[in-house]
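Chemist: Structure here, sequence nowhere to be found:
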């Protein structure tokens, strides 16, 4: 029950830009295709390499398409910045790997599809020892982000719901930070840490799991953050907040109970998410605290 309450509270507090309500029945709109936009950001979307097509949201999109055979499906790989601008321009599109926001803004979202463990610090073992010595274990992010001896890097456009206010306050000052743009920004940030160009990033643990799967050399470690412990993040599909997008979300929500139980989707979640020894197996937490909470 505690996890469920925290998930629902986090979803309620996520930032949204309120849009005027439009009284349109999505069932009246004749939807004939789903226009998917994705960005190269492993392990959410993996477009090349040994795990190509095995990203969490690659498989999620595959399974949704299987359950909506009456709709044509088109996919386009775009930079995250362009995807965001197209949502703002009301272009018809759906992005399968969004953070769940119950109140529509530029996008309208499906019911939650899965959840992520809280963001943490990814860094080298050497820097981890220094960070923990100065900023505790779990790490006090508000303290670390203001420590100019450590350089912070992140993919351009990335948002961190539970701690975004900490970052926003810190970024108003002249902290040491680098925003990476372009494709595969998530893994590019990890490469920058290994090369010493930056010292740490703030990411989901699944990115650390991906790095261990591709490079089993213990070059990086994952540290928990004090300010967001237990505040799991809900994932959802987001479509343009338009008549087309509302019709698309209506269709997606209709098949979502089947999508959630599909063996391919469960398999990819098992591939990238580790079980939490304190809370229990990931799939059990998913069924109990996310899917049942929305039934």
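Modeler: Ah, there it is. Just so we're clear, the structure is a prediction, and the values are computed from it rather than from any experiment. Residues are numbered from 1 along each chain as shown.
Chemist: what's near enough to touch residue 116?
Modeler: 204, 206, 232, 233, 234, 235 (CB atoms under 8 Å, 6 or more residues apart in numbering). (Each C-beta comes from the backbone N, C-alpha and C, glycine too.)
Chemist: Would you point out the most distant pair within those residues?
Modeler: With CB to CB as the measure, no two of these lie farther apart than 206 and 234, at 14.6 Å.
Chemist: Looking at the two, which one has more neighbours?
Modeler: Neighbours per residue (other CB atoms under 10 Å) separate residue 206 from residue 234, with residue 234 holding more: 25 against 21.
Chemist: just checking, that one touches residue 99?
Modeler: Yes - counting by CB atoms under 8 Å, residue 234 touches residue 99, with 7.0 Å between them.
Chemist: what are the ranges of the helices in this structure?
Modeler: 2-13, 56-67, 80-88, 125-135, 141-144, 164-171, 185-195, 205-214, 243-261, 263-272, 282-285, 292-294 (DSSP state H).
Chemist: Could you identify which of these has the lowest mean pLDDT?
Modeler: Lowest mean pLDDT within the helices of the chain: helix 2-13, a mean of 46.
Chemist: related to what we said a few turns ago, redo the helices of the chain as CSV? Include distance to residue 38.
Modeler: As requested, the helices of the chain are exported to CSV (distance: least, CB to CB, whole Å):
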stretch, distance to residue 38
helix 2-13, 23
helix 56-67, 7
helix 80-88, 8
helix 125-135, 32
helix 141-144, 29
helix 164-171, 23
helix 185-195, 13
helix 205-214, 16
helix 243-261, 15
helix 263-272, 15
helix 282-285, 23
helix 292-294, 24
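Chemist: right, and those helices - which one's nearest residue 36?
Modeler: Judging the helices of the chain by CB to CB, what sits closest to residue 36 is helix 56-67, at 5.7 Å.
Chemist: name the helices or strands packed onto that closest one?
Modeler: strand 33-38, strand 72-77, strand 94-99, strand 233-240, helix 243-261, helix 263-272 (3 or more CB pairs under 8 Å, 6 or more residues apart in numbering; DSSP states H and E).
Chemist: what comes up buried for it?
Modeler: 56, 57, 58, 59, 60, 61, 62, 63, 64, 65, 67 (16 or more other CB atoms under 10 Å).
Chemist: For the closest residue to the third one other than its chain neighbours, list each beta-bridge partner.
Modeler: Across the structure, with CB to CB, 6 or more residues apart in numbering as the measure, the residue nearest residue 58 apart from its sequence neighbours is residue 45 (5.6 Å). On DSSP bridges, the residues paired with residue 45 through beta bridges are residue 41.
Chemist: Tell me which residues touch residue 45, please.
Modeler: Neighbours of residue 45 in contact, by CB under 8 Å, 6+ apart: 38, 39, 55, 57, 58, 77, 97.
Chemist: How confident was the prediction at it?
Modeler: The model's pLDDT for residue 45 equals 94.
Chemist: Tell me how many other residues surround residue 168.
Modeler: Residue 168 has 11 nearby residues by other CB under 10 Å.
Chemist: and the gap between it and residue 160?
Modeler: 10 Å (CB to CB, to the nearest Å).
Chemist: just residue 188 next, same as before
Modeler: In terms of CB to CB, residue 188 sits 18 Å off from residue 160.
Chemist: Which one's more surrounded, the two?
Modeler: Neighbours per residue (other CB under 10 Å) separate residue 188 from residue 160, with residue 160 holding more: 21 against 15.
Chemist: check contacts around the closest residue to that one other than its chain neighbours.
Modeler: Once flanking residues are discounted, residue 160 sits nearest to residue 119: 5.3 Å by CB to CB, 6+ apart. Applying CB under 8 Å, 6+ apart, we find residue 119 in contact with 160, 162, 163, 202, 203, 204, 225, 228, 233.
Chemist: Out of the residues you listed, the closest to residue 289 would be?
Modeler: Of the contacts of residue 119, the one sitting nearest to residue 289 (CB to CB) turns out to be residue 233, at 12.6 Å.
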